[in-house]
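K.L.:
this is a predicted model, with the sequence first.
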Amino acid sequence: MKKIADEYWEGVLRAEPRRATFLGDRSKDALMEDVSPEAEVRDRARLEALLAKVRAVSPASLDEKDEVTRSSLELQIRNDLDILDCGLDEWTVDPLEGPQVDLLNMPELQPVKTPEQGRDMVARWRAMGPYLDQIAANLRRGLARGKVATRAAVSKSIEQLDDLLARPLADWPLLAPAKETREDWSAADRARFASDLEAALGDSVRPAFERYRSLLKDEILHRARPPERPGVGEIDPAAYVRMMRVHTSLDLTPERVHATGLEEVARIDAEIAALGKKLFGIDALPALRSRLAHDPKMFFATRDEVAAKAEQALRRAEAVVPRHFGRLPKTRCFVKRIEPHEEKFSTIAYYREPAPDGSRPGSYYINTSAPETRPRYEAEALAFHEAVPGHHTQIAIAQELEGLPEFRKYTGTTAYVEGWALYTEKLADEIGLYGGDLDRLGMLSFDAWRACRLVVDTGLHALGWSRARAIDFMTGHTLLASNNIENEVDRYIVWPAQALAYKTGQLEILALRAAARAKLGSRFDLKGFHDTVLEEGAVALPVLRERVSRWIEATKPEAGSQKPEARGPLL
């Protein structure tokens with residue numbers, strides 16, 4: 001299996017040279033992705049050939065680790081093919097991760113230490129122009145087929161582009177590397193690098209962004225889908241079912257997921273009401289929401305306060321989690337602020353994994369814009385989710401696992417990755433990490449937020465919901481700030497089915513833990529459970545179930561072969 005797995009990963013890095021850079025492979029620093037139809041045909045042929053090779057290997061001939069690799073690789077290739085089948089590049093305009101955000105983040109991910117690396121950066125910057133033109137061509141092709149983005153996504157992206165294009169090139173993040181001090185370079189190398197980088201922006205990047213902005217403004221905006229019809233079901237109903245499988249690793253129906261979401265929302269509503277009664281004497285969620293929203297003490301006053309609270313929560317978690325985990329990452333995590341060019345329409349936070357070569361630590365990015373809209377009571381749950389014991393703990397451990405094929409270290413099922421992070425928000429409560437009941441209220445609001453995603457995502461993409469209905473539902477069942485809710489709903493519209501992964505994975509991990517406790521009794525060990533969940537990377541949920549089952553059987557005093565009886569609500 002190793003040879004096939006290596007062949008798959010080498011193909012991924014050839015097709016995605018920026019991922020190679022991100023992971024420390026500097027051999028492709030001068031290249032951009034080819035997103036043309038011809039490249040898609042080549043990629044599909046490569047994937048189909050690899051899938052045939054994987055399926056030709058009998059699972060019975062493999063040991064346990066190779067069996068997991070085989071099933072994981074088959075799922076990963078199927079996911080890659082499903083994404084190609086969905087044709088998302090023909091209509092997606094994305095204010096969160098579109099090129100007007102994605103490309104501007106490149107300097108941070110591509111450090112320049114030598115003149116040769118500087119020349120590679122100039123070449124990649126020049127290649128950004130043709131890359132943007134390919135994106136535009138894909139959108140025009142989709143437009144001709146009646147596939148088009150939503151009005152909100154297009155409008156926000158135009159606003160971002162207008163902000164960018166109004167700034168002189170000297171202020172563009174893409175030119176920042178030319179301003180760094182490099183005393184070990186010759187004066188000629190420094191001058192040449194600065195001149196060539198600025199020329200690449202002026203000759204290639206800026207004109208391409210201008211063309212892309214004109215496409216969105218002049219050709220797409222007036223034909224964009226209205227907020228009453230935002231779902232991908234308006235374009236291709238089959239695409240949503242495919243993306244549900246991609247993100248959850250399960251064959252689910254929108255109706256079943258929607259119903260589970262409503263059940264979870266009702267349960268968490270009751271918990272919020274009980275805690276609201278304890279804290280403020282208010283058990284009606286609308287009144288509680290109003291009470292919190294109109295109290296300035298519940299919100300941050302400055303950007304520095306937002307960042308300081310994130311740092312404080314992260315460091316407290318780092319001190320406590322060793323008591324509850326056998327395996328922890330060697331790499332540390334640090335707080336960073338989301339950059340100005342992306343913060344306005346970004347989520348409240350995100351995590352970026354470390355570089356495998358140790359050149360970049362794990363990074364917890366926090367949105368510090370409009371601090372007066374950022375609730376203090378959400379800050380701890382957010383830090384535990386994004387950093388420790390959430391994303392950083394899981395992802396950094398996966399990268400550090402020995403003996404795994406590379407693709408298993410750096411890819412994985414969304415429901416596992418996000419389910420783990422959501423699981424740790426509740427775990428943080430169980431191990432005493434929250435500062436008080438107000439912070440626990442934030443935890444419950446976040447849990448409600450992810451439960452709402454099951455309802456809202458399926459509502460938008462399969463059940464005909466409008467954008468306004470989705471916003472109203474989340475407003476009625478969470479304590480999130482209104483600006484966060486609107487950005488979140490627009491995110492679900494742009495990324496169909498991704499939002500389902502959080503609750504789906506969390507419910508499964510909680511169900512597996514409950515089954516293990518029931519079967520093992522006094523022999524149940526939380527450290528052992530966590531290590532079992534984490535020690536094979538971000539596997540599919542059915543594979544995780546099998547792994548926990550084997551751990552239970554190995555831990556029981558008597559031999560046995562039964563699998564856990566408790567089942568996750570969606571599996």
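P.N.:
Great, that's in hand.
K.L.:
from here on, contacts and neighbour counts on C-alpha atoms
P.N.:
Fine.
K.L.:
and the next element down the chain from the lengthiest helix in the chain?
P.N.:
For the chain, the helix with the greatest residue count under DSSP state H is helix 115-144. The helix or strand immediately downstream of helix 115-144 is helix 151-165, counting by DSSP states H and E.
K.L.:
got a list of contacts for that following helix?
P.N.:
Defining contact as Cα atoms under 8 Å, 6 or more residues apart in numbering, one finds that helix 151-165 is touched by 93-95, 98, 100, 172, 206, 209-210, 213, 216-217, 220-221, 224-227, 341, 345, 490, 494.
K.L.:
can you rerun that using 7 Å?
P.N.:
Helix 151-165 is touched from outside by 93-95, 100, 213, 216-217, 221, 224-227, with contacts defined as Cα atoms under 7 Å, 6 or more residues apart in numbering.
K.L.:
which stretch of helix or strand covers Y364?
P.N.:
Secondary-structure element containing Y364, defined by DSSP H and E: strand 362-366.
K.L.:
re the thing from before, so which of the contacts of helix 151-165 is the closest to A428?
P.N.:
The closest of those to A428 turns out to be P95 (Cα to Cα; 31.8 Å).
K.L.:
lowest mean pLDDT among the helices and strands, pick that one out for this structure.
P.N.:
The weakest-scoring helix or strand in the chain, judged by mean pLDDT, DSSP states H and E, is helix 340-343 (a mean of 87).
K.L.:
one step back: got a list of contacts for the strand holding Y364?
P.N.:
The list of residues contacting strand 362-366 from outside it, by Cα under 7 Å, 6+ apart, reads 307, 332-338, 348-354, 386-387, 392.
K.L.:
now swap in stretch 44-58 and tell me
P.N.:
Residues contacting stretch 44-58 (Cα under 7 Å, 6+ apart): 70, 74, 77, 81.
K.L.:
mind redoing it with 8 Å?
P.N.:
1, 4, 8, 11, 70, 73-74, 77-78, 80-81, 84.
K.L.:
again with stretch 392-410
P.N.:
2, 5-6, 8-9, 69, 72, 327-331, 333, 351, 353-354, 356, 362-363, 386-387, 417, 420, 534-538.
K.L.:
which helices and strands does the least confident helix or strand of the chain pack with?
P.N.:
Using 3 or more Cα pairs under 8 Å, 6 or more residues apart in numbering; DSSP states H and E as the contact test, no helix or strand touches helix 340-343.
K.L.:
for that helix, buried residues please.
P.N.:
Residues 341-343 are the ones in helix 340-343 that count as buried (16 or more other Cα atoms under 10 Å).
K.L.:
could I get those as JSON lines with distance to D63?
P.N.:
Below are the buried residues of helix 340-343 laid out as JSON lines (distance: Cα to Cα, whole Å):
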{"residue": "H341", "distance to D63": "49"}
{"residue": "E342", "distance to D63": "46"}
{"residue": "E343", "distance to D63": "47"}
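K.L.:
of those, closest to V320?
P.N.:
Of all those, E343 has the smallest distance to V320: 30.9 Å, by Cα to Cα.
K.L.:
the closest one: what's it in contact with?
P.N.:
Residues near E343 by Cα under 8 Å, 6+ apart: 367-369.
K.L.:
next one: K344
P.N.:
With Cα under 8 Å, 6+ apart, K344 has these contacts: S369.
K.L.:
from E380, how far out is R315?
P.N.:
From R315 across to E380, the span is 11 Å (Cα to Cα, to the nearest Å).
K.L.:
more neighbours: which of those two?
P.N.:
E380 (26 against 15; other Cα atoms under 10 Å).
K.L.:
what's the pLDDT at the residue nearest to F325 when sequence neighbours are not counted?
P.N.:
Once flanking residues are discounted, F325 sits nearest to K527: 4.5 Å by Cα to Cα, 6 or more residues apart in numbering. With respect to pLDDT, K527 scores 97.
K.L.:
wait, K527 touches G326, no?
P.N.:
Yes - judged on Cα atoms under 8 Å, K527 makes contact with G326 at a distance of 5.3 Å.
K.L.:
if we can go back for a sec, show me the contacts of strand 362-366 that map onto helices.
P.N.:
Among these, DSSP H puts 307, 386, 392 in helices.
K.L.:
any low-confidence regions in the chain?
P.N.:
The chain contains residues with pLDDT under 70 at 558-571.
K.L.:
element containing G276, please.
P.N.:
Per DSSP H and E: G276 is located in helix 254-280.
K.L.:
could you find the closest non-adjacent residue to R303?
P.N.:
Counting by Cα to Cα, 6+ apart, R303 lies nearest to T368, which is 4.9 Å off, once chain neighbours are set aside.
K.L.:
list the contacts for the one you found?
P.N.:
Contacts of T368 by Cα under 8 Å, 6+ apart are 303-304, 306-307, 337-338, 343, 374.
K.L.:
same question for E486.
P.N.:
E486 neighbours (Cα under 8 Å, 6+ apart): I471.
K.L.:
now L288
P.N.:
Contact analysis of L288 by Cα under 8 Å, 6+ apart lists 276, 280, 282.
K.L.:
likewise L438?
P.N.:
Counting by Cα under 8 Å, 6+ apart, L438 touches 279, 377.
K.L.:
hmm, try it at 6 Å
P.N.:
Counting by Cα atoms under 6 Å, 6 or more residues apart in numbering, L438 makes contact with Y377.
K.L.:
buried residues, the strand holding Y364. List them.
P.N.:
362-366.
K.L.:
just the CA atoms of stretch 507-523, as PDB, please.
P.N.:
Only the C-alpha atoms of stretch 507-523 are listed here, as PDB (Å, rounded to 0.1, in the frame of the first residue of the first chain):
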ATOM      1  CA  LEU A 507     -21.900  13.100  18.300                       C
ATOM      2  CA  GLU A 508     -20.000  10.100  17.100                       C
ATOM      3  CA  ILE A 509     -17.000  10.600  19.300                       C
ATOM      4  CA  LEU A 510     -19.300  11.200  22.400                       C
ATOM      5  CA  ALA A 511     -21.200   8.000  21.500                       C
ATOM      6  CA  LEU A 512     -18.000   6.000  21.200                       C
ATOM      7  CA  ARG A 513     -16.800   7.300  24.500                       C
ATOM      8  CA  ALA A 514     -20.100   6.400  26.200                       C
ATOM      9  CA  ALA A 515     -20.000   2.900  24.700                       C
ATOM     10  CA  ALA A 516     -16.400   2.400  26.000                       C
ATOM     11  CA  ARG A 517     -17.300   3.600  29.500                       C
ATOM     12  CA  ALA A 518     -20.300   1.300  29.600                       C
ATOM     13  CA  LYS A 519     -18.300  -1.700  28.400                       C
ATOM     14  CA  LEU A 520     -15.200  -1.100  30.400                       C
ATOM     15  CA  GLY A 521     -16.500   0.300  33.700                       C
ATOM     16  CA  SER A 522     -13.700   0.900  36.100                       C
ATOM     17  CA  ARG A 523     -11.200  -0.100  33.400                       C
END
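K.L.:
list the buried ones in that stretch?
P.N.:
Across stretch 507-523, burial judged by 16+ other Cα under 10 Å covers 507-517, 519-520.
K.L.:
A20 contacts R14, doesn't it?
P.N.:
No - at 8.0 Å, A20 does not count as touching R14 under the criterion of Cα atoms under 6 Å.
K.L.:
related to what we said a few turns ago, off-centre distance for the longest helix of the chain?
P.N.:
Relative to the centre of its chain, helix 115-144 is centred 23 Å away, using Cα atoms, centre = their mean, to the nearest Å.
K.L.:
who does it touch, helix- and strand-wise?
P.N.:
Here helix 115-144 touches no other helix or strand, going by 3 or more Cα pairs under 6 Å, 6 or more residues apart in numbering; DSSP states H and E.
K.L.:
what do you get if the cut-off is 10 Å, keeping everything else the same?
P.N.:
helix 37-55, helix 99-102, helix 106-109, helix 187-200, helix 206-214 (3 or more Cα pairs under 10 Å, 6 or more residues apart in numbering; DSSP states H and E).
K.L.:
could you dump those into TSV and include mean neighbour count and distance to L479?
P.N.:
Conversion of the helices and strands packed on helix 115-144 to TSV gives the following (neighbours: other Cα atoms under 10 Å; distance: least, Cα to Cα, whole Å):
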stretch	mean neighbour count	distance to L479
helix 37-55	14	43
helix 99-102	19	28
helix 106-109	15	34
helix 187-200	17	46
helix 206-214	18	35
